[in-house]
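Engineer: After the sequence you'll find the predicted model.
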Amino acid sequence: MKRTRVTPFPGARRRPALLGAAVVLLAVTSSSVAAADDGPGPFGVTVQAAVNARTARVGALFHGDAASKGGGGHFCTASLVHSAGRDLLLTAAHCLDGGRAMSFAPGYRDGSAPYGFWDVRRVFLPDAWKDGQASDSEDSEDSDIAFAVLGERDGKKAEDAVGGANVFAAHRATGATAVTVTGYPSSADTAVTCTDKPTALSRTQQRIACPAFAGGTSGSPWVNGDGAVVGLIGGHEQGGKTDDISYSAVFGTEAADLYREAGLAG
């Protein structure tokens, strides 16, 4: 699981167990960082995410409403996907099944929310996920995907404020192209990113080898070169039990139907 259930408040001491992520990032050479900023960079290398239009669409999910301004700490990652309502968020189902107040900060960096905090107003979970959780079934891992409609802020929709959103894409072949994964470890206030080519774990699950994707990165989008989200950290083991291997459910008919339902509600 890569969701952080208990997150320190800003200023709290970080857990020593998560220092491994920092070591990986510090070990990356400056040439690797430059390559990642200018394009996909070397495969399988995790670096600090650059500030650009693509990473602005990804943000951290926080406990508490927008008025708390992140005081509850961030616990998962989410991203904006295009919809008619221009207010749709994509993340893992296990990030949104708690029923508590949450807010989203796109482009969150160094403790600052350049686009502000946005309230999560309505959550859409697959029926198979809800049924699986009620029966404590592992079958629900294939349905570990969720959407949320965000409230307006200062009369604006989130997609307009950020300047765009990724396209949601179902029924894509696993490993057809490389993807870039961007997420927020709960021990850091800046996103990390890595590009690699997914491989199939099974017909309904895919995996990617990117280091330093620790707790807090559940929901991190897998974006291909066309700007389409074809996966997210979740699914098998709710995203993975180690920092170096992450999983995603394969987006199929269930995911496409849920996207349409959520998009109509915005």
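Structural biologist: That came in fine, so what should we check first? Numbering: from 1, shown residues only.
Engineer: Identify the residue spatially nearest to the most centrally placed residue in the chain, adjacent ones excluded.
Structural biologist: Nearest residue to the geometric centre of the chain (Cα atoms, centre = their mean): S220, 2.2 Å. In space, and not counting its chain neighbours, S220 is closest to G183: 3.0 Å by Cβ to Cβ, 6 or more residues apart in numbering. Backbone N, C-alpha and C define where each C-beta goes, glycine included.
Engineer: Can you get me a residue count around L125?
Structural biologist: 21 (other Cβ atoms under 10 Å).
Engineer: Go ahead and confirm it touches A93.
Structural biologist: Yes: using Cβ atoms under 8 Å as the test, L125 is close enough to A93 to be in contact (5.3 Å).
Engineer: Now do the contacts for the nearest residue to P114 once chain neighbours are set aside.
Structural biologist: Among residues not flanking P114 along the chain, G107 sits closest, at 5.1 Å (Cβ to Cβ, 6+ apart). With contacts defined as Cβ atoms under 8 Å, 6 or more residues apart in numbering, G107 is in contact with V51, T55, A56, R57, V58, G59, A113, P114, Y115, V162.
Engineer: just checking, the second one touches T190?
Structural biologist: Same thing as T55. No: contact status for T55 versus T190: not in contact, 9.9 Å apart, counting by Cβ under 8 Å.
Engineer: What mean pLDDT does the biggest helix by length in the chain get?
Structural biologist: If you go by DSSP state H, the chain has its longest helix at helix 253-265. Mean pLDDT, computed over helix 253-265, is 95.
Engineer: helices or strands next to that helix in the packing?
Structural biologist: The elements that helix 253-265 packs onto, with contact taken as 3 or more Cβ pairs under 8 Å, 6 or more residues apart in numbering; DSSP states H and E, are strand 118-124, strand 146-150.
Engineer: Show me what counts as buried in that helix.
Structural biologist: E254, A255, L258, Y259, A262, G263 (16 or more other Cβ atoms under 10 Å).
Engineer: quick one, helices of the stretch 51-200 of the chain?
Structural biologist: Remark: helices assigned in the stretch 51-200 of the chain by DSSP state H, counting those that start in this stretch are 53-56, 93-96, 127-134, 158-162.
Engineer: Give me whichever of these is most buried.
Structural biologist: Greatest average neighbour count among the helices of the stretch 51-200 of the chain goes to helix 93-96 (a mean of 27), per mean count of other Cβ atoms under 10 Å.
Engineer: Outside of that helix itself, list whatever touches it.
Structural biologist: Residues outside helix 93-96 that contact it (Cβ under 8 Å, 6+ apart): 1, 3, 61, 75-76, 78, 102, 120, 123, 125-126, 129, 140, 143-146, 148, 218-219, 234, 238-239.
Engineer: Now do the same for that helix: mean pLDDT, whole number.
Structural biologist: Regarding helix 93-96, the rounded mean pLDDT is 95.
Engineer: who's the closest residue in space to R57 that isn't next to it in sequence bridged to?
Structural biologist: Leaving aside its chain neighbours, R57 sits nearest to L80 (4.7 Å; criterion: Cβ to Cβ, 6+ apart). Taking DSSP bridges, one obtains L89 as the residues bridged to L80.
Engineer: ok, now V229?
Structural biologist: Applying DSSP bridges to V229 gives these bridge partners: F168, V223.
Engineer: so who does it touch?
Structural biologist: Shown in contact with V229 (Cβ under 8 Å, 6+ apart): S79, V81, L90, N166, V167, F168, A169, P221, W222, V223.
Engineer: Now that we have those residues, which of them are buried?
Structural biologist: Neighbour counting by 16+ other Cβ under 10 Å classes S79, V81, L90, N166, F168, A169, P221, W222, V223 among these as buried.
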